[in-house]
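1. I need the structure of the sequence given here:
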Amino acid sequence: MTKDNKIFAVRGMNDVIPKDSFNWNKLETLIQEWLSNYGYLNIKIPILEYTDLFVRGIGEITDIVEKEMYSFNDGINGPSLTMRPEITAGIVRSVIENNLLYDGPKRLYSLGPVFRHERPQSGRYRQFHQIDVEAFGFAGPDIDFEIISMLSHFWQKLEILEYVQLEINSLGDIQERKLHKDALISYFRKYLEYLDQDSKRRLELNPLRILDSKNNNMQEIINNAPKLIDFLGYESKKHFDLLCNFLEKTKVKYLVNHRLVRGLDYYNNTVFEWISDDLGAKSTFCGGGRYDKLIENLGGKSTPAIGFAIGFERLLYIYNKLHKSNINKHELKQCDIYIVYSSTEAYIYGYNIANKLRQLGKSVILHAGNNNFKQQFKKADLSGAIWALIIGEQELLEKTISIKCLRAEHKTNKLEQIKISYEEIINFFTYNQNI
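-> Model (predicted):
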């Protein structure tokens, strides 16, 4: 939209400016280190996919496919393309297309933007980011437990575990869900006049979605509906009981929620969500489960799989709120070293020094603009730099550099301001690289 000749961002699609990206990058790094510690490898997939991937993968009778996808035709008569509303289906497509499972099971993760045409509100955006984690080729409840417990350990590392809650359920296999589906249809038909339009439409095609309804007028009816756990066979019960046993023995707290079905049709057996009150009403910020038939449904060989997605902005909000994170200007430093100078010749001298220090791995800003030393030092301080390198006429004549420490916490009697030769500059910053 435009206003007073200015163009603004699309509603629900937000900028992440430097003061916000500091903690964003910090959390992203922690996530990548955490996943690497569990043996997960990074995969990058396109934002645009054929629409059919999500229709077949997520399920045609879901809110995402019916209402929330950004889809368009590629050219006048071209195929329908969609900006990905989630990442799992794209990873599965890539696993099949690139034959990634030829040498055995894989643990993969991806981090990036997803797009849903929703009404923007707190914690819910049209463009948001997900950390998507998938384990392919593992059939037992032990990997279900590993997936859930690794999340518990990560929340503990972030110091948010005591403020979040784990809910789990089992959706059984296809045949068990069919029996449950028939029972739901028979049950909800008795209350047809009390169902909203969405629920009436879903009744015959996907009554499981009715259990997800937030309509307050229907909650008592939904609470008394047949529970899927009563339709589970021996193998599904055994799988779920073993998972619960693992969680109990390792003291991972959980709640069985028989209404937990997740919003995507590809799930079977184990499903779970992590919920927080810090997003306003109880809101899910991480969820996942098993999808043992999805690879086969999308044209690959039958392969068991489980995964989860974390809403990055939601997790970041919880983390910032609980830690009341305040970033000062020096934490948002633009560089380690700021070079000030007195003349054009001194600028060239400083240019050569800057390049030598960058090769050492230091971030360096060489002042740009026609300012006096006082003005340059002010900009050096605002940059957050620890060191100022001063090149005046005397330094040019002597082939030296004056070094001034700008931060009180790094100052000592020796280091407040010194002068060294051009040849010593690398040794100085190698020796003082941790200061």
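
2. for the stretch 151-300 of the chain, what spans make up the strands?
-> Using DSSP state E, counting those that start in this stretch, the strands of the stretch 151-300 of the chain run over residues 164-170, 255-256, 268-276, 283-290.

3. So which elements touch the second one?
-> By that I understand strand 255-256. strand 164-170 (3 or more Cβ pairs under 8 Å, 6 or more residues apart in numbering; DSSP states H and E). C-beta: built from backbone N, CA, C; applies to glycine.

4. Lowest-scoring secondary structure element of the chain by mean pLDDT?
-> strand 2-3 (a mean of 64; mean pLDDT, DSSP states H and E).

5. The one helix or strand Asn427 maps to packs against which elements?
-> Assigned by DSSP states H and E, Asn427 falls within helix 425-431. The contact analysis (3+ Cβ pairs under 8 Å, 6+ apart) places helix 425-431 against helix 344-359.

6. repeat that with 10 Å
-> On a contact count with 3 or more Cβ pairs under 10 Å, 6 or more residues apart in numbering; DSSP states H and E, helix 425-431 meets helix 344-359, strand 387-391, strand 400-405, strand 417-421.

7. if you compare the ones you listed, which one is most tucked away?
-> For those, average neighbour numbers computed from mean count of other Cβ atoms under 10 Å are highest in strand 387-391, which has a mean of 24.

8. Run the angle between that one and strand 400-405 for me.
-> Put simply, strand 387-391 runs at 150 degrees to strand 400-405, going by axes from the mean of the first three to the mean of the last three Cα atoms, to 10 degrees.

9. next helix or strand past strand 387-391?
-> Following strand 387-391 toward the C-terminus (DSSP H and E): helix 393-398.

10. And the closest residue to Ala225 other than its chain neighbours, how close does it get to Glu204?
-> Nearest residue to Ala225 in three dimensions, chain neighbours excluded: Tyr187, at 5.5 Å (Cβ to Cβ, 6 or more residues apart in numbering). To Glu204, Tyr187 is 13 Å away according to Cβ to Cβ, to the nearest Å.

11. try Val10
-> Distance of Val10 to Glu204, computed by Cβ to Cβ: 36 Å.

12. cool, and Val133?
-> 35 Å.

13. more neighbours, the two?
-> More crowded of Val133 and Glu204, by other Cβ atoms under 10 Å: Val133, with 28 against 12.

14. My guess is the more buried one contacts Leu108. True?
-> Yes - taking contacts as Cβ atoms under 10 Å, Val133 lies within contact range of Leu108: 7.6 Å.

15. Now the common contact residues for these two.
-> Jointly contacting Val133 and Leu108 under the rule Cβ atoms under 10 Å, 6 or more residues apart in numbering are Leu35, Tyr40, Ile91, Gly307.

16. Looking at these, which one is closest to Arg290?
-> Among these, Gly307 lies closest to Arg290 (Cβ to Cβ), at 8.6 Å.

17. List phi and psi for the closest one.
-> Backbone torsions of Gly307, given as degrees, to the nearest 10, read phi -170, psi -180.

18. Burial check on Val364, number of neighbours?
-> Neighbours of Val364 using other Cβ under 10 Å come to 21.

19. shaky segments in the stretch 251-400 of the chain?
-> Counting by pLDDT under 70, the ranges of the stretch 251-400 of the chain that qualify are 263-264, 279-282, 324-331.

20. for this protein, which helix is longest?
-> Criterion DSSP state H: the longest helix present in the chain is helix 18-37.

21. If you average the pLDDT over stretch 160-180, what comes out?
-> In this model, stretch 160-180 has a mean pLDDT of 92.

22. Start the count at 180 instead of 1 going forward.
-> Sounds good: first residue 180 from here, last item stretch 339-359.

23. Ends of it, what's the gap?
-> 36 Å (Cα to Cα, to the nearest Å).

24. Quick check: buried residues in it?
-> For stretch 339-359, burial by neighbour count (16 or more other Cβ atoms under 10 Å) applies to 339-340, 343-352, 355-356, 358-359.

25. ok, back up a step: in CSV: the helices and strands packed on helix 604-610, plus distance to Val244.
-> Converted to CSV, the helices and strands packed on helix 604-610 look like this (distance: least, Cβ to Cβ, whole Å):
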stretch, distance to Val244
helix 523-538, 49
strand 566-570, 55
strand 579-584, 59
strand 596-600, 65
